[in-house]
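Enquirer: What shape does this take:
(2 chains)
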Amino acid sequence: MKTLYTPLTRDELAWRVAQDMPDGAYVNLGIGLPTRVAQFVPNDREVVYHSENGLLGVGPPPKAGHEDPELVNAGKQMVTLLPGASIFEHTESFMMIRGGHIDIALLGAYQVAANGDLANWATDRERAAPAVGGAMDLAAGAKRVWVLMEHTNKDGSPRLLERCTYPLTAPHVVNRVYTNFAVIDIKDGFLVREILDGCSLDELAAMTGAPLLAAPDCRTLSRRPAPAGG
Amino acid sequence: MIDKRVASLSDAVAGIADGSTVCIGGFGDSGSPLALIAALIEQGARDLTVVSNNAGSGRGSGIASLLAAGRVRKIVCSFPRSEGSVVFEELYEAGKIELELVPQGTLSERMRAAAAGLAGFYTPTAAGTLLAEGKEQREFDGRTYVLERPIVADIALIAAERADRWGNLVYHSAARNFGPVMASCGKLSIVQTHEIVELGSIDPEIVVTPGIFVDRVVKVAR
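Expert: Sure thing, here's the model as predicted:
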């Protein structure tokens, strides 16, 4: 069957999440897709980005000639600090995370379950060493946990599931998932808020490992306008 | 008179015993005390337990070189597998290093608990996961928490931007990360710094690590 849709690119997904960043929010950016979100937040909002290694007020990557190799984000990529930024030590950074001071944690994931379970630190490959970083602290401590992920694995198998098959990062924590096909709230199951233009709910359900319910006001997934001149 | 300055890197790491638990500061390369790690390799202590956020990258320097030299029995770490962590991954897959994987906030809080004289703490982090297995889990106000015990460290190796002879420290940007908590939990805290200034010339308002937590300070080239 010929598909009539084009899934969001990674940058389009980051752009979509950025449109929902509330003015005044303190937002932790996890490794991977989430660090792309910062560049797309509308200019009329002040959103303060937190990096687990001890930064509030994280700005864009440095311009050539202004790099500071020690000023890095969670993914160890070089960043800048915006006016109003602050630097603090690790224990204080995780006080902010664990103590519920972070409004939104944006995290990547391997799997999310219909009950809000999150799996994003280990797979079932036994020999590879696991790594957890700040994921469990963020999942347990942030006021809201929003996940950014591809809707399926590369082989088409679902990552939104009835129950996670990988080890959990935290149970019952995910509030919302942004994928390259949909925006889905977790409220007694997967509730579809937005769906990709040209993709039917049945087609989305076929890519998803648990039942979907469409919200009464479910609409087309909004997409980044093409850059001017592009 | 208090003077925590030492003349050389070998003086800085003198006396670190085999079997020590060594906290090593840094988040990736940011804030990593590379000169002290190189001096520790030269000093020769072995059978070490290293406590650090990462397990090194590349082969030629830092924690990776300490692992490659075969000095580390166990690593207590939040994110051992990252870009370029080849030495750690080889040792781990060959069963030649023990890994205690600890969520990052729990890692720093366990060091803080040791520094603060606490027997432990209950955290919601890792409740209901594999990393809570074997630990006491207890409900408070309807939520499950995991009992975590302190990390008691013999040695802390950290990097600071500036110090005075009392061991007061300030750091550079995000290189601060684990420095303050590690300095406060190490029984012997050793600092490499780019600059040692006159006592009194660091504004007390901006001292990040008070000298009470620091034992040795050595100046290294930038």
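
Enquirer: and residue A:143, how many neighbours?
Expert: For residue A:143, the count of nearby residues is 13 (other Cβ atoms under 10 Å in any protein chain shown). Quick note: C-beta positions are derived from backbone N, CA and C, even for glycine.

Enquirer: separation between it and residue B:158?
Expert: Remark: distance between residue A:143 and residue B:158 (Cβ to Cβ, to the nearest Å) = 32 Å.

Enquirer: Please see if the helix ranked longest in chain B touches chain A.
Expert: Longest helix in chain B, counting residues (DSSP state H): helix B:104-115. Yes. Helix B:104-115 is in contact with chain A by Cβ under 8 Å from any Cβ of the partner chain, via B:104-106, B:108-109, B:111-112.

Enquirer: Show me what that helix is packed up against.
Expert: Counting contacts by 3 or more Cβ pairs under 8 Å, 6 or more residues apart in numbering or on different chains; DSSP states H and E, helix B:104-115 is packed against helix A:90-98, helix A:135-141, strand B:121-123, strand B:143-148, helix B:179-185.

Enquirer: try 6 Å this time
Expert: Applying 3 or more Cβ pairs under 6 Å, 6 or more residues apart in numbering or on different chains; DSSP states H and E, we find helix B:104-115 packed against helix A:90-98, helix B:179-185.

Enquirer: low-confidence ranges in chain A?
Expert: Within chain A, the ranges that satisfy pLDDT under 70 run A:1-2, A:126-127, A:227-230.

Enquirer: Which stretches in it count as strands?
Expert: Taking DSSP state E as the criterion, chain A contains strands spanning A:26-29, A:48-51, A:55-59, A:80-87, A:104-107, A:111-113, A:118-119, A:144-148, A:160-161, A:174-178, A:182-186, A:190-195, A:212-220.

Enquirer: From the ones you listed, pick the one with the highest average neighbour count.
Expert: A comparison of the strands of chain A by mean neighbour count, using mean count of other Cβ atoms under 10 Å in any protein chain shown, puts strand A:104-107 on top with a mean of 27.

Enquirer: Pick out whichever of the residues of helix B:104-115 next to chain A sits closest to residue A:191.
Expert: Nearest to residue A:191 among the residues of helix B:104-115 next to chain A: residue B:105, at 30.5 Å, using Cβ to Cβ.

Enquirer: sorry, back to before: would CSV of the strands of chain A with distance to chain B be doable?
Expert: Below are those laid out as CSV (distance: least, Cβ to the nearest Cβ, whole Å):
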stretch, distance to chain B
strand A:26-29, 12
strand A:48-51, 8
strand A:55-59, 6
strand A:80-87, 6
strand A:104-107, 12
strand A:111-113, 13
strand A:118-119, 10
strand A:144-148, 13
strand A:160-161, 17
strand A:174-178, 14
strand A:182-186, 17
strand A:190-195, 21
strand A:212-220, 25
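
Enquirer: who wins for proximity to residue B:60 among those strands?
Expert: strand A:48-51 (27.2 Å).

Enquirer: Next up, the contacts around the residue of chain B found nearest chain A.
Expert: Closest residue of chain B to chain A, Cβ to the nearest Cβ: residue B:105 (3.2 Å). Contacts for residue B:105 were tallied using Cβ atoms under 6 Å, 6 or more residues apart in numbering or on different chains; they are A:94, A:97-98, A:137, B:125.

Enquirer: Count the neighbours of residue 12 for me.
Expert: If you meant another chain, say so; for now it's chain A. A count of nearby residues for residue A:12, using other Cβ under 10 Å, gives 16.

Enquirer: You answered for a different chain; I wanted chain B.
Expert: 26.

Enquirer: before we move on, what about the one 3 residues further on?
Expert: Using other Cβ under 10 Å, the number of residues around residue B:15 comes to 10.

Enquirer: what does residue A:206 give?
Expert: The burial count for residue A:206: 11, using other Cβ under 10 Å.
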